[in-house]
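Visitor: could you work out the structure for the sequence below:
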Amino acid sequence: MKKDQLSSDQPAAYDSEGRPLYLHPKEQATEEPPKAQTVHITRPTNPEKPVVSDEIKLKNERSKQVYPELSLSDHEYVITSVKRHSIGLFIPILLGGILNVGALIAILFYDIILEPFKSNGGTSISASGFIFSMAMFIILVSLITYVVYYVFTNNRFLLTNESVIQEIRTTLFSKRTQTVSLANVEETSYSQNGIIQNIFNYGSIRLSTIGDENTYRFTFVDDPKKYVDILNNAVEAFKNGRPVENG
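Guide: Numbers count the residues shown, from 1 in each chain. Sure thing, here's the model as predicted:
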């Protein structure tokens with residue numbers, strides 16, 4: 001059989017050790033790349049709940065009693081409620097008091113006030129009508145003053161061991177809540193501008209979050225440095241996984 005007639009499947013010769021030699025070596029099969037496999041991770045139907053100490057349970061129950069409107073988790077409690085300085089109510093209460101005192105004086109001396117309107121072709125104003133008008137004015141001023149007081153005192157800034165909760169009320173019927181996790185708090189600071197704020201020791205708290213252009217502010221804060229220190233301590237404790245000191 002001629003050399004060129006040899007089948008590629010038959011050996012053309014043998015080496016010194018008796019191993020066959022082929023004219024055309026067999027092509028080796030290329031290995032296919034491993035196929036991607038989908039791994040399914042099973043989760044327990046009833047995952048284990050985190051262990052909550054008796055101390056945290058007690059703090060959680062107390063917080064729910066004092067702040068029933070808050071949705072606190074089983075291991076969350078309120079550390080502090082930031083107090084607002086009463087100086088924020090000074091001007092509206094003073095103005096309301098002045099107006100009401102003026103109206104009371106007008107009622108007491110109504111005969112002197114109405115004297116120019118009597119006779120001589122002047123418009124007749126009855127005493128009862130004047131007193132009624134002044135009484136309605138006092139009620140209106142008192143109502144407005146109360147609304148200002150209610151709105152001011154119901155703007156709250158609460159700090160828990162997990163988040164910051166700010167309740168914002170602009171009118172009697174307008175309210176919204178902002179909640180920021182302590183994990184997202186990037187910077188906290190306070191400011192006191194002017195001689196009055198420094199004398200009476202009140203100012204504003206500023207809070208900014210990671211990846212959020214919004215800045216959260218709370219004004220008329222009594223002793224803002226103290227509350228910023230408490231807030232910074234809570235943020236560091238949360239991020240480092242340790243209990244809040246004096247919390």
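Visitor: please name the bridge partners of the residue nearest the centre of the chain.
Guide: By CA atoms, centre = their mean, the chain has its centre lying nearest to residue 179, at 2.7 Å. Note on residue 179: beta-bridge partners residue 165, judged by DSSP bridges.
Visitor: pLDDT score for it?
Guide: What the model reports as pLDDT for residue 179 is 89.
Visitor: so who does it touch?
Guide: Neighbouring residues of residue 179 by CB atoms under 8 Å, 6 or more residues apart in numbering: 163-166. C-beta: built from backbone N, CA, C; applies to glycine.
Visitor: could you measure from residue 157 over to residue 106?
Guide: According to CB to CB, to the nearest Å, residue 157 and residue 106 sit 41 Å apart.
Visitor: among these two, which residue is more densely surrounded?
Guide: residue 157 (24 against 18; other CB atoms under 10 Å).
Visitor: could I get the phi/psi values of the more buried one?
Guide: phi -130, psi 110 (degrees, to the nearest 10).
Visitor: one more: residue 185?
Guide: phi -70, psi 120.
Visitor: grab the nearest non-local neighbour of it.
Guide: Nearest residue to residue 185, sequence neighbours excluded (CB to CB, 6 or more residues apart in numbering): residue 235, at 4.9 Å.
Visitor: so the one you found makes contact with residue 182?
Guide: Yes. At 5.0 Å, residue 235 counts as touching residue 182 under the criterion of CB atoms under 8 Å.
Visitor: what domains does the record give for the protein?
Guide: 54-84+158-240, 89-151 (automatic domain parsing).
Visitor: how about residue 72, phi and psi?
Guide: Dihedral angles for residue 72 - degrees, to the nearest 10 - are phi -100, psi 140.
Visitor: list the buried residues of the longest helix along the chain.
Guide: Secondary structure of the chain read by DSSP state H shows that its longest helix is helix 127-153. By 16 or more other CB atoms under 10 Å, the buried positions in helix 127-153 come out as 130, 134, 137-138, 141, 145, 148, 151.
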